[in-house]
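Q: A predicted structure for the sequence below; I have some questions about it.
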Amino acid sequence: MKGLGLPKYQYTFRDMKLGVMFLGYSDELSLSHSTLFTETIGEWLKNKGGQDRWRRVAE
């Protein structure tokens, strides 16, 4: 994969209830990359995904 210039690491998060999957890629394994990935997902769930989840549960 190095010859193709692809990132070395993949971060993955999947929410089974919503049916969404987030993928993140980086060239180095670091706390800053993983924190940014999880914060981005958290914001999305708070702003979009969480609303859909609770709406489905209530129905």
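A: The structure has been received and is ready for your questions. Numbering: from 1, shown residues only.

Q: looking at it, residue 27 is touching residue 7, isn't it?
A: Yes: between residue 27 and residue 7 a contact is recorded at 5.1 Å, counting by C-beta atoms under 8 Å. Where C-beta positions appear, they are placed from N, C-alpha and C, glycine not excepted.

Q: Now do the buried residues in the lengthiest helix in the chain.
A: For the chain, the helix with the greatest residue count under DSSP state H is helix 31-44. Residues of helix 31-44 classed as buried by neighbour count (16 or more other C-beta atoms under 10 Å): 33, 37, 41.

Q: Mind picking the one among those residues that's closest to residue 15?
A: Distance to residue 15, by C-beta to C-beta, is smallest for residue 41 among the buried residues of helix 31-44, at 8.7 Å.

Q: Could I get the contacting residues of that closest one?
A: Listed by C-beta atoms under 8 Å, 6 or more residues apart in numbering, the contact set of residue 41 reads 13, 22.

Q: And the strands in this structure, which stretches?
A: Along the chain, counting by DSSP state E, strands occupy 9-15, 20-26.

Q: check contacts around the residue nearest in space to the middle of the chain.
A: The centroid of the chain falls nearest to residue 22 when counting by C-alpha atoms, centre = their mean (3.5 Å). Taking C-beta under 8 Å, 6+ apart as the criterion, residue 22 is in contact with 11, 12, 13, 14, 37, 40, 41, 44.

Q: Okay, residue 41 and residue 29: tell me how far apart.
A: 18 Å (C-beta to C-beta, to the nearest Å).

Q: circling back to that earlier point, now flag whichever of the buried residues of helix 31-44 is closest to residue 18.
A: residue 41 (11.2 Å).

Q: remind me which residues of the chain are low pLDDT?
A: By pLDDT under 70, the low-scoring segments of the chain are 1-2, 49-59.

Q: swap the cut-off to 80 and go again
A: Filtered on pLDDT under 80, the chain yields the residue ranges 1-3, 48-59.

Q: Pairing partners for residue 24 in the sheet, please.
A: With DSSP bridges as the criterion, residue 24 is bridged to residue 11.
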